[in-house]
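1. curious how this folds, go ahead:
(one chain, ligands or ions: 1)
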Amino acid sequence: MFSTAARALASRSLPRAPSILPPSRSMLTVSRLSPSVAELTLDKAPANTLSLEMALAFSAAVSEIEADPSVTALLLRSSSTKIFSAGLDISEMSGPEPARLADFWRAIQGTYLSLYSSRLATVACIEGHAPAGGCLLSLMADYRIMTGGGPRIGLNETALGIAAPYWLKDMFVETVGRRNAELALLKGTLFTGEEALAVGLVDEVLPLEEVYPRAKEEVLKLARIPAKGRAETKRLLRGAAVDELLAGREADVAWFTEFVLEEGTQKGIKAYLDSLKKK
Ligand SMILES: CC/C=C\C/C=C\CCC/C=C/CC(=O)SCCNC(=O)CCNC(=O)[C@H](O)C(C)(C)COP(=O)(O)OP(=O)(O)OC[C@H]1O[C@@H](n2cnc3c(N)ncnc32)[C@H](O)[C@@H]1OP(=O)(O)O
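-> As a prediction, the model looks like this:
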């Protein structure tokens, strides 16, 4: 839906180095809910983390779905009802090879550029946890439906000693409003579904068994909204944010790689990774 030039710029900046594996589809499945509605299921055990390969596979799958003119809507879900996505694969950032780290971040940017700018109507079906990068995936959708009670969602970067990139922070601010965002980002709050609903981070909260049926109902409904008007409205709402990242993509890569490669950050990342593995 964005300009051809912007699209070309986005795809030209994606990693092309021969060392990068081709996107693997085994981490994702794409199916049809109806002739015009696709379903994209994250299927990378145990936590649907965004590794370099997963991020590339995600963007490639979204682009492929979008390239089919008969598809007007997309449902995003996880094959696990416990974890929607645990966010960025922290092992990508622990003792990284700098060139791969830069490609990793370009691929993470690519997930945002592919789905946030999509012409499709998009619904996120969040049955399980969605911290940090998991929250990012859901924020890129037009509508979010989440399980109440147990799972948590939010941007917990600050609590991990890091910061969300500006384009993720901006998307969060746009969604929950300035003050709610400040309070949540500065504390690294992870919300229950009910708390997320109260701040506008999700649009509906339901018992687990009702989340997927309701998400299907909603995406099938959104698929019937005239596609051209919706796509143009999305461009008007989100185009400036997407163009800003496209224009400053390499500066954002430099910010991320410098931060991650710092000795202190590396110590923190290693300690956090160890704590996750020891759980
Ligand atoms: C730390 C980053 C550092 C620097 C970056 C600097 C600046 C830029 C900032 C960019 C933005 C970053 C956003 C992110 O996404 S960072 C990642 C944040 N994610 C988390 O904090 C979630 C961590 N995971 C959990 O809290 C739990 O796993 C969860 C609540 C989701 C589920 O709990 P459950 O008990 O059901 O499962 P676990 O046993 O904990 O996990 C299963 C296995 O998966 C592994 N795992 C989980 N999350 C990650 C992850 N994000 N990366 C890598 N591996 C992960 C976990 O270790 C378990 O593995 P095994 O023990 O089975 O081998």
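2. show me the helices in the stretch 151-279 of the chain, by range?
-> In the stretch 151-279 of the chain, the helices defined using DSSP state H, counting those that start in this stretch lie at 166-176, 178-187, 193-199, 208-222, 227-247, 249-261, 263-278.
3. out of those helices, which is closest to the ligand?
-> Within the helices of the stretch 151-279 of the chain, the stretch nearest the ligand is helix 263-278; the backing value is 3.7 Å (CB to the nearest ligand atom). C-beta: built from backbone N, CA, C; applies to glycine.
4. so does the closest one get close to the ligand?
-> Yes - residues of helix 263-278 contacting the ligand under CB under 6 Å from any ligand atom: 265, 269, 272, 276, 277.
5. if we can go back for a sec, among the helices of the stretch 151-279 of the chain, which gets the worst mean confidence?
-> In terms of average pLDDT, helix 263-278 trails the rest of those, at a mean of 91.
6. can you give me the buried ones in it?
-> 269, 272, 273 (16 or more other CB atoms under 10 Å).
7. which bits of this protein sit near the ligand?
-> Near the ligand, when you scan the chain using CB under 6 Å from any ligand atom, you find 46-47, 49, 82-83, 86-91, 93, 129, 131-133, 156-157, 160, 162, 164-165, 256, 259-260, 265, 269, 272, 276-277, 279.
8. sticking with residue 62, tell me its helix or strand.
-> helix 52-67 (DSSP states H and E).
9. show the subsequent helix or strand relative to that helix.
-> strand 73-78.
10. list the buried residues of that next one.
-> 73, 74, 75, 76, 77, 78.
11. again, but for stretch 89-105
-> 89, 90, 92, 93, 96, 101, 102, 103, 104, 105.
12. sorry, back to before: now for the residues of helix 263-278 next to the ligand: which two are most distant?
-> 265 and 277 (18.6 Å; CB to CB).
13. next one: the helix holding residue 62 to chain centre, how far?
-> 12 Å (CA atoms, centre = their mean, to the nearest Å).
14. ok, now stretch 202-220?
-> That offset, for stretch 202-220, works out to 18 Å (CA atoms, centre = their mean).
15. kindly export that stretch (C-alpha atoms) in CSV.
-> Provided in CSV are the C-alpha atoms of stretch 202-220 (Å, rounded to 0.1, in the frame of the first residue of the first chain):
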residue,chain,number,x,y,z
VAL,A,202,-5.7,-4.9,23.4
ASP,A,203,-9.3,-4.5,22.1
GLU,A,204,-11.0,-7.5,23.6
VAL,A,205,-10.3,-10.0,26.4
LEU,A,206,-11.9,-13.4,26.5
PRO,A,207,-11.5,-16.8,28.1
LEU,A,208,-9.0,-18.9,26.3
GLU,A,209,-11.4,-21.1,24.5
GLU,A,210,-13.3,-18.1,23.0
VAL,A,211,-10.2,-16.1,21.8
TYR,A,212,-9.6,-18.0,18.5
PRO,A,213,-13.3,-18.3,17.4
ARG,A,214,-13.8,-14.6,18.1
ALA,A,215,-10.6,-13.6,16.3
LYS,A,216,-11.8,-15.6,13.2
GLU,A,217,-15.2,-14.0,13.4
GLU,A,218,-13.6,-10.5,13.5
VAL,A,219,-11.1,-11.1,10.7
LEU,A,220,-13.8,-12.4,8.4
